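**Student:** mind looking at a prediction? Sequence and model below.
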Amino acid sequence: MKTPRYRQVQNMLKTRIQKGLLREGDLLPSENQLCITFSITRTTARKALEELHKEGYIDRLHGKGSIVKERSKSLGLLNVKGFSEAVGQNINTVFLQAPAIRRWVAGFPFETGEDERQTPCIHFERLRSVGEDPVIIENNWFPGRALPGFIDNGFAEGSFFKTLSMKYGTEITGSEQEIRALPADKRSSQLLRINPGQPVLQISIRFTTSNPLLNIYSELICNTMKYPIGNSYFL
């Protein structure tokens, strides 16, 4: 089936946003400009912009046109309150294990599909801090075949999710979480600079994406003594 013309224009604009060619605050071409550029009707141009607005990529401002929105989504994921304010100022992320091909580990709270386990996964581990305070130990696993060349490419702007969007055209579409309070083991306590046995939150997450081959399995070990947990996740 042929892709509707408005969808073609919508996807072209979305790809430019995902790749960073259009950034937050940039003004999109007007409906008239789109009509001329793509040889489409005004109705088709308006429909393409409306669909981008529904997807959360742009804001439509009366008298000003359409501008690219801040790249953030509420996913219902628990995350450290204040991370978004700290980004670009006091946020520090260190790789404890760089992305590499590994075997799937046992004991995921969420069942992985049989087709996923038939191929190796890619895993990486990071320590995330606010200023000098370690806050989260983060592990991620996903099927290696879903993101070809991932290991050889750096992260876009230091963000895993921005890398998915900008380099692979893949968006996070949802998530499931399980949360447990656990005593910190020796390794976690050393990395988070807390006493062994001190309570930490273990948050297990399965992200679904716009790529049918890609689910992402994450485990976060969180020290909430100084930074409480909120209900937003910023890409």
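**Tutor:** Structure's in. What do you need? Numbers count the residues shown, from 1 in each chain.

**Student:** wait, Asp130 touches Asn90, no?
**Tutor:** Asp isn't right for residue 130; it's Val. Yes. Using C-beta atoms under 8 Å, Val130 is in contact with Asn90, at 5.6 Å. All C-beta atoms are positioned from the backbone trio N, CA, C, and that covers glycine.

**Student:** neighbour count: these two, which is higher?
**Tutor:** Set Val130 next to Asn90 and count neighbours by other C-beta atoms under 10 Å: Val130 wins out with 19 against 14.

**Student:** now the most centrally placed residue in the chain: which helix or strand?
**Tutor:** With distances taken as C-alpha atoms, centre = their mean, the residue of the chain nearest its centroid is Phe161 (2.8 Å). Per DSSP states H and E, Phe161 falls inside helix 160-168.

**Student:** now do Thr208
**Tutor:** With DSSP H and E as criterion, Thr208 is part of strand 199-209.

**Student:** same check, this time on Thr170
**Tutor:** Judged by DSSP H and E, Thr170 forms part of no helix or strand.

**Student:** again, but for Asn195
**Tutor:** Per DSSP H and E: nothing holds Asn195, as it lies in no helix or strand.

**Student:** spatially nearest residue to it (excluding sequence neighbours)?
**Tutor:** Counting by C-beta to C-beta, 6 or more residues apart in numbering, Asn195 lies nearest to Ser189, which is 6.2 Å off, once chain neighbours are set aside.

**Student:** what's near enough to touch that neighbour?
**Tutor:** Contacts of Ser189 were listed using C-beta atoms under 8 Å, 6 or more residues apart in numbering, and they are 195-198.

**Student:** give me every residue that touches the residue lying closest to Asn153 once chain neighbours are set aside.
**Tutor:** Distances taken as C-beta to C-beta, 6+ apart put Lys167 closest to Asn153, at 6.4 Å, once the chain neighbours are dropped. Neighbour list for Lys167: 19, 153, 156 [criterion: C-beta under 8 Å, 6+ apart].

**Student:** picking that back up, out of the contacts of Ser189, who's nearest Arg103?
**Tutor:** Nearest to Arg103 among the contacts of Ser189: Pro196, at 28.5 Å, using C-beta to C-beta.

**Student:** what's the neighbour count on the closest one?
**Tutor:** Around Pro196 there are 12 residues (other C-beta under 10 Å).

**Student:** surely it touches Asp185?
**Tutor:** Yes. Counting by C-beta under 8 Å, Pro196 touches Asp185, with 7.1 Å between them.

**Student:** and the next helix or strand past the worst-scoring helix or strand of the chain on mean pLDDT?
**Tutor:** In the chain, the helix or strand scored least confidently by mean pLDDT, DSSP states H and E is helix 83-86, which has a mean of 42. Downstream of helix 83-86, the next assigned helix or strand under DSSP H and E is strand 91-102.
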